[in-house]
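S.K.: model the following, please.
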Amino acid sequence: MPKISMKELMGLPTKFREEFRQTFRSLSNPYLRLYSIGQLVSNAGTWMQSMALSWLVYKLTDSAVALGIVSFASYVPLLFLTYFGGILADRFDRRKILMATQLCGMLQALVLTVLVATGNLSVPAVIGCALFLGCVTAIEVPTRQAFLSDLVAKKDLTNAISVNSAIFNIARLSGPLLAGVLIAIFGEVICFGINTVSYVFAVYTLSQVAKAVVVGAKPKTDSAANSDKLKATLRDPRIRGLLGLAIVTSMFGFQYGVLLPVIVDKMLLGSAAQLSILSASGGIGALAGALLLARQNRGTALLKGIGIAALSLGFFIAIIASSHSVALSAVAAACAGLCVSIQFSGGNSLLQQLVPTEIKGRMMGIFSMCQLGFTPFAGLMAGWTAEHYGVSNALLIAASVCAISGVVYLVRLRSQSRSDGGSNTDESSA
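M.R.: The predicted structure follows:
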């Protein structure tokens, strides 16, 4: 066993500090720091509401199909409106757009709080609120993704995207855990109330990010020129591969998340506490994936890593499909969360580096559509297959499709690298 000298031992804290500083280097920007704090609070509230709402819907209906319908209503606007949201992000002040979407989200959370508190919550009301929030999210997501390039220099963009993803997943971890505790003590209504307040804080932090600090100025070009640039960009096989993989993961990789209440009830014989554990486990894995990406600078390795993550996602969903242990399911959910994080945060980073600034909002709109817009079909397919063939078989089908898509992506990536000598992928390095 190699010996460690006292000098080396004393130097470890310095090395850890340097590693920490390098991993979170983009947070040296005070405005990104302020924005990130607001997003952390707001997203934690959103995850609390999401878990409480899915549990309430399942209690009201005892139906996997109902969960699928609510999921469909939440995400279907993203299929049709995210590109429009990207156009808005290219044309107008992204900070003001984000403030408006946060205010709309607060209104939706307030309505749900009142309905739950008065005992008037119904499935049609949930579907209506889900549709409204879906429309808001379709504008917010591409704007938020492009907004990061307004706050930081290009050299820090990959790190900023990864750190932002890490913050999102800290919220994904803490939100369900806190929701599980609060539901057990106070009931579901407290989660909706906290989410309402969290939006207020997000609006405040955005109001403090002064327009003068924006570094990613949007060039003024006409719509026809932007359309031509977008068409040319979409011919890039790397971009087509990333978008195609995002669609498959959206439709099949997200099914286990839709079915979590059914998995907990039917396979694990658990309650809201076990549901919060599995939801939080996915957040832990996604957080780990984001932190790994924060240290990644080589585009070639990231392109390959995204394909490996898609293949691995299928494997871990298959474990969830076969498990009757909360511990094993939690570990598999964490690993699945890591895989999804690498795919989506890595894809976001690569796309923002590969596309011109003036069409960045549009590309983020297309990526958001692929990433989230097909999720409603995941909800419908998951609910229908689970209802007719059982939750385990539904998950095994989804796992198989994810694994196959990862293999196809990797084979095509290898073929492309051989044909162009690997030079193209290196262009995406940060």
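S.K.: apart from its chain neighbours, what residue comes closest to Met106?
M.R.: Tyr199 (3.5 Å; CB to CB, 6 or more residues apart in numbering). The way it works is simple: take the backbone N, C-alpha and C, and place the C-beta from them, glycine included.
S.K.: quick one, what contacts the one you found?
M.R.: With contacts defined as CB atoms under 8 Å, 6 or more residues apart in numbering, Tyr199 is in contact with Ser42, Gly45, Gln102, Leu103, Gly105, Met106, Ala109.
S.K.: tell me which element the fifth one is part of?
M.R.: Under the criterion of DSSP states H and E, Gly105 resides in helix 94-117.
S.K.: next SSE downstream of that helix?
M.R.: With DSSP H and E, the next secondary element past helix 94-117 is helix 123-151.
S.K.: now do the closest residue to Gln49 other than its chain neighbours, the pLDDT please.
M.R.: Once flanking residues are discounted, Gln49 sits nearest to Asn195: 4.1 Å by CB to CB, 6+ apart. Per-residue pLDDT puts Asn195 at 93.
S.K.: okay, now the unreliable bits of the stretch 301-430 of the chain?
M.R.: By pLDDT under 70, the low-scoring segments of the stretch 301-430 of the chain are 418-430.
S.K.: for it, just list every one of the helices.
M.R.: With DSSP state H, counting those that start in this stretch as the criterion, the stretch 301-430 of the chain has helices at 326-354, 360-368, 375-389, 391-420, 423-426.
S.K.: among these, which comes closest to Phe72?
M.R.: helix 375-389 (3.8 Å; CB to CB).
S.K.: and the closest one, what's buried?
M.R.: Across helix 375-389, burial judged by 16 or more other CB atoms under 10 Å covers Thr375, Pro376, Phe377, Ala378, Gly379, Leu380, Met381, Ala382, Gly383, Thr385, Ala386.
S.K.: residue contacts, the first one?
M.R.: Right, Thr375. Ser71, Ser74, Tyr75, Leu78, Ser250, Met251, Phe254.
S.K.: spatially nearest residue to it, not counting backbone neighbours?
M.R.: Nearest non-adjacent residue to Thr375, counting by CB to CB, 6+ apart: Tyr75, 4.0 Å away.
S.K.: counting neighbours, what do you get for Ile366?
M.R.: Neighbours of Ile366 under the rule other CB atoms under 10 Å: 23.
S.K.: how about it: what's its closest non-neighbour residue?
M.R.: Once flanking residues are discounted, Ile366 sits nearest to Tyr83: 6.0 Å by CB to CB, 6+ apart.
S.K.: follow-up on the earlier one: so which helix or strand takes in the residue nearest to Gln49?
M.R.: Going by DSSP H and E, Asn195 is part of helix 189-208.
S.K.: distance between that helix and the chain's centre?
M.R.: Between the centre of helix 189-208 and the centre of its chain there are 19 Å (CA atoms, centre = their mean, to the nearest Å).
S.K.: that helix to helix 94-117, inter-axis angle?
M.R.: Compare the direction of helix 189-208 with that of helix 94-117 by axes from the mean of the first three to the mean of the last three CA atoms, to 10 degrees and you get 160 degrees.
S.K.: beyond helix 189-208, next helix or strand please.
M.R.: Remark: after helix 189-208, the chain's next helix or strand is helix 223-233, criterion DSSP H and E.
S.K.: that following helix packs against which elements?
M.R.: Using 3 or more CB pairs under 8 Å, 6 or more residues apart in numbering; DSSP states H and E as the contact test, the elements touching helix 223-233 are helix 360-368.
S.K.: distance between the helix it packs on and the chain's centre?
M.R.: With CA atoms, centre = their mean, you get 14 Å for helix 360-368.
S.K.: gap between the nearest residue to Asn159 once chain neighbours are set aside and Tyr58?
M.R.: Spatial nearest neighbour of Asn159, excluding adjacent residues (CB to CB, 6+ apart): Ser26 at 4.4 Å. For Ser26, the distance to Tyr58 equals 39 Å [CB to CB, to the nearest Å].
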